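Engineer: Structural data only, the sequence is not supplied:
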């Protein structure tokens, strides 16, 4: 594919972004990534936004976001299924030949919400799931319950993985970067607060270019494969100990280009300390039930991943951005990284994108 | 770019309320109609795009996830688009990108809306404005477009009778469309006798709150050859946005004027350029233009360059833009003024345009329709989309 990510940027991850409004965060991400790409807004052919209306209390969030993203007078599209889908859509558009350079923005500011759990509850259909209080945490707990029953070793491995991710996060950002102490208390059995992704505020920007624009840019990360897929919505019809949507997405993204073992980096959404094992199995990083093997896999979530810092709808694009940065600028031999993100209850949907420092045919 | 076409379109009959189906079941109805029209099964579909605008109208956040197994899209790549009222056409354009990119051969774009499901659509839509400034006025889509209508009247001398004439034309067209929501003929006097909501807009100038579903099947040229269905080829797509702020639509520092739809004009010109449309009045035979209020149709006709600014009212009173009239026909389906299931309203514009250029529009067929324009508007007259369709891949310009 003659399409590459040529710049990434995100605002500082904070448990509560008190200095800037959501619109100001989006503006910061837009201007920040354009600076990194060394391009002006006038050089951008289209803007793709990804929004999450319920969390931030705007009925059509892209309306308030568009101006902050530089959208007035420009071509703006909003992809609302997942933050990472904005990047997928931008790639499709460039492959279709409509434009040379696209700005993609996604964000999360759950601190604006009085009760993010309640906002997630609204995503449960009103007849069966909502009366039972379904939200992301409860769905993750159902998955963890089933998985730990099948593989009791996960109970011992999960705290170790959680600590490994936290250490990686602190190495990447510095201790206490979020401005928040570690959390305590049971949320939904068997998951305690620290077993679940820690919500934080951040806006993420990516510039995607094609053809000559990409080739002439500094250190492009070429998209070598794209995949995304879904599972049924009803949790009762799914085997929650597996993530076939993630499997399908990754299989399509990797194609015949590279195997999982050859990846220099994998950035993947982990919806809980136990769900991390499910995701790793689906990607083929570990074999079924071999939970402890994940703890020492250095290529996986070098940033710490989504457990220590999870900016809501922006989390998926953040995974992609980190995967990009792990191959950008590396000279010599081809280097590959996989960005993989899941969304919805217990990972209903998944996206995987394969990035490389080398374009196709090299 | 891979040549890409609409090869199937389905729409349910649009009504005020459906209590016999859930949202996913309603989407399924539209999807099945489109698949049948294309002569294929869901198993043939490689990817899916869901148009869904304000979640709050159906009362479920991320409702696109809810329909996975009911519609049969689980295990497929699925993506949701939300650009407010423009969502339906933006989703069709997203489906086009899927295929034109070379990544897929057959893509389904399927959605539905249940606008009457919310206790007050206007109360929901008020929440789309900024919480600190304009939400407080209070704005809703009626008061927002009443301001635009006032500007249009002031700038071009249009009257309430001119706007009522748009409704009369729309109803005459909708009477020929079995899927339309409001199909009863109406007179200018009857429109002027309806309840005033926000001057100069009366109930008779407004679209209904519609419930129903619609879907299109989009195919690559390779798949078109295989399916043997009449294709409506995508010849041009364009988008453009305006400022979010209502207060920035008028005055010396404004980028445009709220009387007009300048960004829609930009979006349409982008689509025209790609398609090779150089003289819209001669090159385009049908325009399915998103106009939820009769006042809006006046300025969107002008944004489409089907006449000069300020001329549309006079031309409509002369019988232009009507079935049987001279020149391009605007909204032969009855348009948004007669049917507005928000999430799929723009999709229906594309589907109706496809029916017209493939000669399958029944009683509302425009004779010799080779090229059609479809547009949509979202947000507070903020997001605009335009697509040009033709029944051939040859040269369009006259």
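Structural biologist: Looks like it arrived, so ask away. The shown structure was predicted, so the numbers you read here are calculated from the model rather than taken from an experiment.
Engineer: Give me the number of neighbouring residues for the residue in the stretch 101-250 of chain B that chain A sits nearest to.
Structural biologist: Proximity to chain A, evaluated over the stretch 101-250 of chain B using C-beta to the nearest C-beta, is greatest for residue B:101 at 3.7 Å. All C-beta atoms are positioned from the backbone trio N, CA, C, and that covers glycine. By other C-beta atoms under 10 Å in any protein chain shown, 23 other residues sit near residue B:101.
Engineer: Which strands and helices lie in contact with the lowest-mean-pLDDT helix or strand in chain B?
Structural biologist: None of the helices or strands of chain B scores lower by mean pLDDT, DSSP states H and E than helix B:121-126, at a mean of 80. Secondary-structure packing of helix B:121-126 (3 or more C-beta pairs under 8 Å, 6 or more residues apart in numbering or on different chains; DSSP states H and E): helix B:55-58, helix B:141-156.
Engineer: Need the ones you listed in a markdown table (columns: mean neighbour count, mean pLDDT and distance to residue A:156).
Structural biologist: As requested, the helices and strands packed on helix B:121-126 are exported to a markdown table (neighbours: other C-beta atoms under 10 Å in any protein chain shown; pLDDT from 0 to 100; distance: least, C-beta to C-beta, whole Å):
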| stretch | mean neighbour count | mean pLDDT | distance to residue A:156 |
| --- | --- | --- | --- |
| helix B:55-58 | 23 | 83 | 40 |
| helix B:141-156 | 20 | 94 | 57 |
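Engineer: could you redo those helices as JSON lines and give each row distance to residue B:70?
Structural biologist: Formatted as JSON lines, the helices and strands packed on helix B:121-126 follow (distance: least, C-beta to C-beta, whole Å):
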{"stretch": "helix B:55-58", "distance to residue B:70": "14"}
{"stretch": "helix B:141-156", "distance to residue B:70": "30"}
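Engineer: Quick one: closest of these to residue A:54.
Structural biologist: Comparison of these against residue A:54 by C-beta to C-beta identifies helix B:55-58 as nearest, at 6.5 Å.
Engineer: where along the stretch 1-150 of chain B do the helices fall?
Structural biologist: B:23-38, B:55-58, B:63-66, B:68-71, B:87-100, B:121-126, B:141-156 (DSSP state H, counting those that start in this stretch).
Engineer: what sits against the closest residue in space to residue A:347 that isn't next to it in sequence?
Structural biologist: Take residue A:347 and drop its neighbours on the chain: the residue closest to it by C-beta to C-beta, 6 or more residues apart in numbering or on different chains is residue A:243, 4.9 Å away. Applying C-beta atoms under 8 Å, 6 or more residues apart in numbering or on different chains to residue A:243 gives the contacts A:231, A:278, A:279, A:281, A:282, A:342, A:347, A:350.
Engineer: show me what contacts the residue most central in space within chain B?
Structural biologist: Nearest residue to the geometric centre of chain B (C-alpha atoms, centre = their mean): residue B:346, 2.9 Å. Contacts for residue B:346 were tallied using C-beta under 8 Å, 6+ apart; they are B:51, B:85-92, B:290, B:374-376, B:378, B:385.
Engineer: Work out for me the element it sits within.
Structural biologist: In this assignment (DSSP states H and E), residue B:346 forms part of helix B:342-357.
Engineer: now that helix against helix B:23-38, angle please.
Structural biologist: Relative orientation of helix B:342-357 versus helix B:23-38 (axes from the mean of the first three to the mean of the last three C-alpha atoms, to 10 degrees): 10 degrees.
Engineer: Give me the next element, helix or strand, following helix B:342-357.
Structural biologist: In N-to-C order, the element after helix B:342-357 by DSSP H and E is strand B:371-378.
Engineer: any idea how far the closest residue to chain B within the stretch 151-300 of chain A is from residue A:252?
Structural biologist: Nearest residue of the stretch 151-300 of chain A to chain B: residue A:232, at 4.1 Å (C-beta to the nearest C-beta). Distance, residue A:232 to residue A:252, using C-beta to C-beta, to the nearest Å: 19 Å.
Engineer: Also residue B:281?
Structural biologist: Distance from residue B:281 to residue A:252, by C-beta to C-beta: 46 Å.
Engineer: same question, residue B:329
Structural biologist: 44 Å.
Engineer: Quick one: name the residues of the stretch 201-350 of chain A near chain B.
Structural biologist: Contact residues (C-beta under 8 Å from any C-beta of the partner chain) of the stretch 201-350 of chain A with chain B: A:226-234, A:237, A:244-245, A:248, A:344-345, A:348-349.
Engineer: Would you convert the helices of the stretch 1-150 of chain B into JSON lines that also reports distance to residue A:28?
Structural biologist: Formatted as JSON lines, the helices of the stretch 1-150 of chain B follow (distance: least, C-beta to C-beta, whole Å):
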{"stretch": "helix B:23-38", "distance to residue A:28": "36"}
{"stretch": "helix B:55-58", "distance to residue A:28": "27"}
{"stretch": "helix B:63-66", "distance to residue A:28": "29"}
{"stretch": "helix B:68-71", "distance to residue A:28": "35"}
{"stretch": "helix B:87-100", "distance to residue A:28": "26"}
{"stretch": "helix B:121-126", "distance to residue A:28": "28"}
{"stretch": "helix B:141-156", "distance to residue A:28": "29"}
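Engineer: Please state the offset of the lengthiest helix in chain A from the chain centre?
Structural biologist: Selection of the longest helix in chain A by residue count, based on DSSP state H, yields helix A:153-173. Distance, stretch centre to chain centre, for helix A:153-173: 18 Å (C-alpha atoms, centre = their mean, to the nearest Å).
Engineer: Pull out the buried residues from it.
Structural biologist: A:154, A:157, A:158, A:161, A:162, A:164, A:165, A:166, A:168, A:169, A:172, A:173 (16 or more other C-beta atoms under 10 Å in any protein chain shown).
Engineer: so which of these are also by chain B?
Structural biologist: Of the buried residues of helix A:153-173, not one also sits near chain B (C-beta under 8 Å from any C-beta).
Engineer: Which pair in these has the greatest spatial separation?
Structural biologist: A:154 and A:173 (27.1 Å).
Engineer: What is the least confident helix or strand in chain A by mean pLDDT packed up against?
Structural biologist: When the helices and strands of chain A are compared on mean pLDDT, DSSP H and E, helix A:53-56 comes out lowest with a mean of 77. Secondary-structure packing of helix A:53-56 (3+ C-beta pairs under 8 Å, 6+ apart): helix A:116-121, helix B:55-58.
Engineer: contact partners of that helix?
Structural biologist: Looking at what lies outside helix A:53-56 - C-beta under 8 Å, 6+ apart - the contacts are A:22, A:59-61, A:80, A:108-110, A:112-113, A:116, A:119-120, A:122-123, A:312-313, B:54-56, B:61-62, B:82.
Engineer: model confidence over whatever helix or strand comes next after that helix, on average?
Structural biologist: Later in the chain than helix A:53-56, the nearest helix or strand by DSSP H and E is helix A:61-68. Average pLDDT, helix A:61-68: 91.
Engineer: for stretch B:4-21, same thing?
Structural biologist: pLDDT averaged over stretch B:4-21 gives 97.
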